[in-house]
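Engineer: A predicted structure for the sequence below; I have some questions about it.
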There are 2 protein chains.
Amino acid sequence: MGEKSSEQLKCDCTIIHEEVIERAGRKMPPEENLYNLAELFKVFGDSTRIKIIWALFEEEMCVCDIAYLLNLTQSATSHQLRVLKQARLVKPRREGKNIYYSLDDEHIEEIFNQGLNHINE
Amino acid sequence: MGEKSSEQLKCDCTIIHEEVIERAGRKMPPEENLYNLAELFKVFGDSTRIKIIWALFEEEMCVCDIAYLLNLTQSATSHQLRVLKQARLVKPRREGKNIYYSLDDEHIEEIFNQGLNHINE
DNA sequence: TTTACATATGAACAATTGCTCATATATATT
DNA sequence: AATATATATGAGCAATTGTTCATATGTAAA
């Protein structure tokens, strides 16, 4: 009695593990941070965008250079750069008709390296 | 003449930047690695899975505990644990009727921390 | 062996995603 | 001003994804 009926039901083991569960709940970052973290990784979760970022590790590049290097259409490249820009991972620099994109974050390389460590385990 | 017609056309600037593009192309990891890296980040790119992983930073937990803590159905939890297991991020341990899941990789926490660094910039 | 509990899984569905195509915008050249 | 080049963007579409619902599997207790 006194329990909210709309809540998830507790299993037998959940009652036993109550302390662990409560402690884990307290250590959890706020909902918003976890959501934003997932959104960031979602941006990394596409091989076209991974390739674009990797290309920019070398040097800034304009849209048509990226498209040529990665064998993409100009449109597809531009769409993906927009996603990367919105995630504050790349930034544009205009020079005449061209727009040069470069990486806008010093953590990306570290994140990628850790990711590769997992893959090559 | 002699150029393959199926290839992406070079812009004027691409011809100018040929050296940079070629160098970036040489430094690019093999296609397969880039694909696998994207697949890994895709797994991180969902807030439910992020929450599950975060919960497991504290301690191993059985399916119903995770479901209760994160207010998920048993089915949804189980489906997502399967994705995490296939990506070799968690591993199961049977104990009677329960199956306890724990993290199976020491890089995850580092990847998450770098991700949070980017977000909180 | 029957019953209950814990977990896994397949089908179905809505929502999201990445691409292409067509077109708009912006800049430079003539 | 007219044309060409570089980039951005909206609509449309096929493919993928995360959830729910129903049910199957596996284990323990009665």
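Structural biologist: In hand now; what should we look at?

Engineer: Are we agreed that residue A:105 is in a strand?
Structural biologist: No. Residue A:105: not assigned to a strand; according to DSSP: H, G, I helix; E, B strand; the rest coil it is coil.

Engineer: How many neighbouring residues does it have?
Structural biologist: Per other Cβ atoms under 10 Å in any protein chain shown, the neighbour tally for residue A:105 reads 19. Where you see a C-beta, it was placed from the backbone N, CA and C, and this is true even at glycine.

Engineer: Same question for the one 10 residues further on.
Structural biologist: With neighbours defined by other Cβ under 10 Å, the count for residue A:115 comes to 25.

Engineer: now residue A:39
Structural biologist: Neighbour count for residue A:39, taken as other Cβ under 10 Å: 17.

Engineer: Equivalent analysis for residue A:18, please.
Structural biologist: A count of nearby residues for residue A:18, using other Cβ under 10 Å, gives 13.

Engineer: do you know how far it is from residue B:74?
Structural biologist: Computed as Cβ to Cβ, to the nearest Å, the residue A:18 to residue B:74 distance reads 18 Å.

Engineer: same question, residue A:92
Structural biologist: 46 Å.

Engineer: can you check residue A:34 too?
Structural biologist: In terms of Cβ to Cβ, residue A:34 sits 21 Å off from residue B:74.

Engineer: Please pull out the lowest mean pLDDT helix or strand from chain A.
Structural biologist: helix A:12-16 (a mean of 88; mean pLDDT, DSSP states H and E).

Engineer: Run through who's touching that one.
Structural biologist: Contacts to helix A:12-16, defined as Cβ atoms under 8 Å, 6 or more residues apart in numbering or on different chains, come from residues A:21, B:62, B:64-65, B:68, B:98.

Engineer: next SSE after that helix?
Structural biologist: In the C-terminal direction, the helix or strand that comes right after helix A:12-16 (DSSP states H and E) is helix A:18-27.

Engineer: what is the mean pLDDT for that following helix?
Structural biologist: Taken as a whole, helix A:18-27 has a mean pLDDT of 94.

Engineer: quick one: the helix or strand following it to chain centroid distance?
Structural biologist: Counting by DSSP H and E, the next helix or strand C-terminal to helix A:18-27 is helix A:31-44. A distance of 6 Å separates the C-alpha centroid of helix A:31-44 from that of its chain, computed with Cα atoms, centre = their mean, to the nearest Å.

Engineer: and what of stretch A:32-52?
Structural biologist: Counting by Cα atoms, centre = their mean, stretch A:32-52 is centred 2 Å from the centre of its parent chain.

Engineer: Dump it to CSV, restricted to CA.
Structural biologist: Extracted in CSV, the C-alpha atoms of stretch A:32-52 (Å, rounded to 0.1, in the frame of the first residue of the first chain):
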residue,chain,number,x,y,z
GLU,A,32,19.7,16.2,-20.1
ASN,A,33,23.4,15.4,-20.1
LEU,A,34,22.8,11.8,-20.9
TYR,A,35,20.5,12.9,-23.8
ASN,A,36,23.1,15.3,-25.1
LEU,A,37,25.8,12.7,-24.9
ALA,A,38,23.7,10.3,-26.9
GLU,A,39,23.1,13.1,-29.5
LEU,A,40,26.8,13.6,-29.8
PHE,A,41,27.6,10.0,-30.4
LYS,A,42,24.8,9.8,-32.9
VAL,A,43,26.7,12.3,-35.0
PHE,A,44,29.7,10.1,-34.8
GLY,A,45,27.6,7.1,-35.7
ASP,A,46,27.7,7.4,-39.5
SER,A,47,30.6,6.4,-41.6
THR,A,48,30.3,9.3,-44.0
ARG,A,49,30.6,11.7,-41.1
ILE,A,50,33.4,9.7,-39.6
LYS,A,51,35.3,10.0,-42.9
ILE,A,52,34.7,13.7,-43.2
